[in-house]
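Asks: Got a predicted structure plus its sequence, pasted below:
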Amino acid sequence: KNQVEQSPQSLIILEGKNCTLQCNYTVSPFSNLRWYKQDTGRGPVSLTIMTFSENTKSNGRYTATLDADTKQSSLHITASQLSDSASYICVVSARGSGNTGKLIFGQGTTLQVKP
Amino acid sequence: NAGVTQTPKFQVLKTGQSMTLQCAQDMNHEYMSWYRQDPGMGLRLIHYSVGAGITDQGEVPNGYNVSRSTTEDFPLRLLSAAPSQTSVYFCASSYTGQGVTQYFGPGTRLLVL
């Protein structure tokens, strides 16, 4: 069964600190892995998209890594800011299912950055 | 560009009522989709469309209808609302192809009493 599991479920950190969010998946055949940021009351916004051959991808203070062998991904946030408070959703696309693939969504990690 | 827009932002319905959630995009995207987001669960695909005149069912299609008469618009219809349809609904659009970025609307929060 295709699944995406994220940990931790929630996280509280102090402003300026770094943090790492985890994503484990059992999706086959794998096409790509995405990280989204969802602010409260808003729609998800894409942070990164990684294919099988990509190990790391950055978007400003956000760095995503992918280990396709162990089927794990992480999202590292550097020097956190109050505006980083949001839910972070890991999404894995299964290859071959339609024009954009079948997207399997994780439940998300809720991050709260405190001053 | 306005991106993906959704109306209304919030709606309260009584059981058995019908309504249409509107979604529009101005990016000329072929692919559009509807998701629902419930507490403790990932987004789940309701219906999707790969172009005008073409729609298909997603993971949780029961109780919902869609149509795609233009590239820009993709309305979602609830024929007879049920409390189980209380959720936040997101519309998304993208170009077709693997690995393309999906753009989400701001969501419609629906409460069915």
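Replies: Okay, I see it.

Asks: Show me what from chain B comes close to chain A.
Replies: B:4, B:30-31, B:40-45, B:48, B:50, B:56, B:90, B:92, B:94, B:96-107 (C-beta under 8 Å from any C-beta of the partner chain). Backbone N, C-alpha and C define where each C-beta goes, glycine included.

Asks: Please name every helix or strand in contact with the worst-scoring helix or strand of chain A on mean pLDDT.
Replies: Every helix and strand of chain A was ranked by mean pLDDT, DSSP states H and E. The lowest is strand A:102-105, at a mean of 87. Applying 3 or more C-beta pairs under 8 Å, 6 or more residues apart in numbering or on different chains; DSSP states H and E, we find strand A:102-105 packed against strand A:3-7, strand A:86-94.

Asks: How about the contacts made by the closest residue to B:Leu78 other than its chain neighbours?
Replies: Spatial nearest neighbour of B:Leu78, excluding adjacent residues (C-beta to C-beta, 6 or more residues apart in numbering or on different chains): B:Met19 at 5.5 Å. Residues near B:Met19 by C-beta atoms under 8 Å, 6 or more residues apart in numbering or on different chains: B:Gln11, B:Leu13, B:Arg77, B:Leu78, B:Ala81.

Asks: distance of B:Met19 from chain A?
Replies: 20 Å (C-beta to the nearest C-beta, to the nearest Å).

Asks: Count the residues that sit near B:Pro106.
Replies: 16 (other C-beta atoms under 10 Å in any protein chain shown).

Asks: List the residues that contact the residue nearest to it when sequence neighbours are not counted.
Replies: Distances taken as C-beta to C-beta, 6+ apart place A:Gly43 nearest to B:Pro106, at 5.3 Å, with adjacent residues excluded. A:Gly43 makes contact with B:Val4, B:Phe90, B:Ala92, B:Phe104, B:Gly105, B:Pro106, B:Gly107, according to C-beta under 8 Å, 6+ apart.

Asks: Now for these: which two are most distant?
Replies: B:Ala92 and B:Pro106 (11.4 Å; C-beta to C-beta).

Asks: for stretch B:106-113, what is the average pLDDT?
Replies: Here stretch B:106-113 scores 97 as its mean pLDDT.
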